[in-house]
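J.: Dropping a prediction and its sequence here:
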Amino acid sequence: MEIQAHLDESRDPLAIAESWMATGKDVAIATVVETWGSAPRPVGSHLVIDAEGNFEGSVSGGCVEGAVIAEAADVIESGKPRMLEFGVADATAWQVGLSCGGRIKVYVERLG
């Protein structure tokens with residue numbers, strides 16, 4: 001049985017970022033760059049965020065998105081990228097809900 005993967009471009013965070021930028025929006029992208037243990041999303045997962053706080057995609061299955069979106073607002077404003085790390089041993093992880101037992105590193109940068 002052959003399984004066909006279908007990429008829905010209307011849901012692709014990279015295509016969404018491109019379309020937002022084409023309309024003049026300031027956009028940041030968050031990318032999972034490293035995982036350890038039980039991580040909710042694989043390396044290469046993307047979340048795109050605009051200056052108004054709109055977002056598409058996922059870097060954590062929802063458990064750290066709020067913290068990443070807040071950091072992205074600062075990255076959009078300052079233009080300075082940030083490396084974020086969330087892990088179960090980190091007090092922040094429990095605050096944002098990453099209690100799955102793993103760690104993730106997320107790189108956030110402004111596009112354009």
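T.: In hand now; what should we look at?
J.: Give me the helix or strand of the protein that scores worst on average pLDDT.
T.: helix 91-96 (a mean of 54; mean pLDDT, DSSP states H and E).
J.: And the next helix or strand past that one?
T.: strand 103-111 (DSSP states H and E).
J.: ok, residues contacting that following strand?
T.: The set of residues external to strand 103-111 that reach it, using Cβ atoms under 8 Å, 6 or more residues apart in numbering, is 17, 21, 26-37, 39-41, 59-60, 64, 68, 71-72, 75-76, 79, 81-90, 98. (Glycine included, C-beta is placed from N, CA and C.)
J.: buried sites along that strand?
T.: Across strand 103-111, burial judged by 16 or more other Cβ atoms under 10 Å covers R103, I104, K105, V106, Y107, V108, E109, R110.
J.: a markdown table for these, including distance to D50 and pLDDT?
T.: As requested, the buried residues of strand 103-111 are exported to a markdown table (distance: Cβ to Cβ, whole Å; pLDDT from 0 to 100):
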| residue | distance to D50 | pLDDT |
| --- | --- | --- |
| R103 | 27 | 85 |
| I104 | 22 | 90 |
| K105 | 23 | 95 |
| V106 | 17 | 96 |
| Y107 | 18 | 98 |
| V108 | 13 | 98 |
| E109 | 14 | 98 |
| R110 | 11 | 98 |
